[in-house]
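Novice: Sequence plus the predicted model coming up.
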Amino acid sequence: MSDATPDSDRRHARVPSHLAGVRLDRFLADCFPNYSRRELAGAVKAGLVRVNDRRAKPGLVLEADDRLELPVWSKVLPGLAAKREVDRRVGRMPTRIVELYRDEDLIVIAKPAGTPVHSGAGLGAIETLIEALRDDILNGFGLVHRLDKDTTGAIALVRGDDLRRITAERFADPEGGVEKYYEAIVSGIPEPAEGIIDAPLVPPGHGGRATVDEDAGKPARTRYRTLETFVRASRLELQLETGRTHQIRAHLWHAGHPLLADPLYGRRKAWRIHDPRGQQDAYLRRTPLHARRLVLPHPRTGERIQVDAPLPDDMKYALEVLRVVSARGRKRGGLPPQ
């Protein structure tokens, strides 16, 4: 909100002594229960809330008698929600969180690309999955496994500390009854067409790569099956038998078939191929890895739950163009010139 905003659109308040030490976003959520904490925090991030005449952040810890300058929520929040929706539609990469399954104990959502699970160094102002799911987190749900920032697909949240701990242990145990299936677009054509990559991995350091080491590495096994082949590229189904950090990306690189775009393991930040039909080029600006299917015992009942996440648009279009290129006998296919 600019400085030209009429005073009638602003409200002023002071922090009472008994609420000193409370974060600004929680203070607002408690004082304005008709709006979600996520909505109010978004307004703070947009610069619509000032504390002691300064632009504030959601995590600001308030002190007694701090002066708050607030907008009229009913006037500003609808506009912010509309702007977020427009921003989510920009580009072909999936940017909207889609709910795939929900009950009182379990939620499975389709994680979009470019969304880190947790905050970390170098992420700047990127919204994390935890922040995007703030309302569910505040309602007692928590994540039981992770996906890389640019990996899309099914990811689960469980409600309650005990059920969440038990489910997380199932995810970590190869015999825990959890099955995770992925789809990937890779360089080259694997030979044989299906098999197991059994290569122990040393975990990556901060910002580094996982490495194969038969002596020092931890056991890591990935099943793969070739679903389609193109000119110098393939579409694979992968199933994790273990859950090491970067396991799929490191195993594919070790096997000589890195993801078409992977700056860390494939040394290619992006991948583009011309559509011979004269339509828009296929362009992958992230690692083409998608958590397609998640099978797990229900946290409370033990019933087998299977949830499928639709393939995102950027990967679907890349596959469409690869099929056209291969059908027309082009020699370059999925890779740029040597």
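Specialist: Right, received. Where do you want to start?

Novice: hey, let's count contacts and neighbours off CA atoms from now on
Specialist: OK.

Novice: distance between stretch 307-327 and the chain's centre?
Specialist: Centre-to-centre, stretch 307-327 and its host chain are 19 Å apart (Cα atoms, centre = their mean, to the nearest Å).

Novice: CA atoms only: put stretch 278-289 into PDB for me.
Specialist: In PDB, the C-alpha atoms belonging to stretch 278-289 read as follows (Å, rounded to 0.1, in the frame of the first residue of the first chain):
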ATOM      1  CA  GLY A 278       6.100 -25.400 -35.800                       C
ATOM      2  CA  GLN A 279       4.600 -25.100 -32.400                       C
ATOM      3  CA  GLN A 280       6.200 -23.900 -29.200                       C
ATOM      4  CA  ASP A 281       9.600 -25.400 -28.400                       C
ATOM      5  CA  ALA A 282       9.700 -28.000 -25.500                       C
ATOM      6  CA  TYR A 283      11.600 -26.400 -22.700                       C
ATOM      7  CA  LEU A 284      12.600 -28.000 -19.400                       C
ATOM      8  CA  ARG A 285      13.900 -25.500 -16.900                       C
ATOM      9  CA  ARG A 286      14.100 -28.000 -14.000                       C
ATOM     10  CA  THR A 287      15.000 -31.600 -13.400                       C
ATOM     11  CA  PRO A 288      12.300 -33.700 -15.200                       C
ATOM     12  CA  LEU A 289      11.600 -36.000 -12.200                       C
END
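
Novice: Report the buried residues of it.
Specialist: Residues of stretch 278-289 classed as buried: 282-289 (neighbour count, 16 or more other Cα atoms under 10 Å).

Novice: Look at Arg26 and tell me its secondary structure.
Specialist: When classified by DSSP: H, G, I helix; E, B strand; the rest coil, Arg26 comes out as helix.

Novice: The residue lying closest to it once chain neighbours are set aside: how many residues sit nearby?
Specialist: Leaving aside its sequence neighbours, Arg26 sits nearest to Arg37 (Cα to Cα, 6 or more residues apart in numbering; 7.0 Å). If you count neighbours by other Cα atoms under 10 Å, Arg37 ends up with 21.

Novice: Same question for Asp215.
Specialist: Applying other Cα under 10 Å, we find 9 residues neighbouring Asp215.

Novice: same question, Asp136
Specialist: Counted with other Cα under 10 Å, the neighbours of Asp136 add up to 16.

Novice: Is it correct that Met68 is in contact with Val49?
Specialist: Slight slip there: residue 68 is Leu, not Met. Yes. Taking contacts as Cα atoms under 8 Å, Leu68 lies within contact range of Val49: 7.3 Å.
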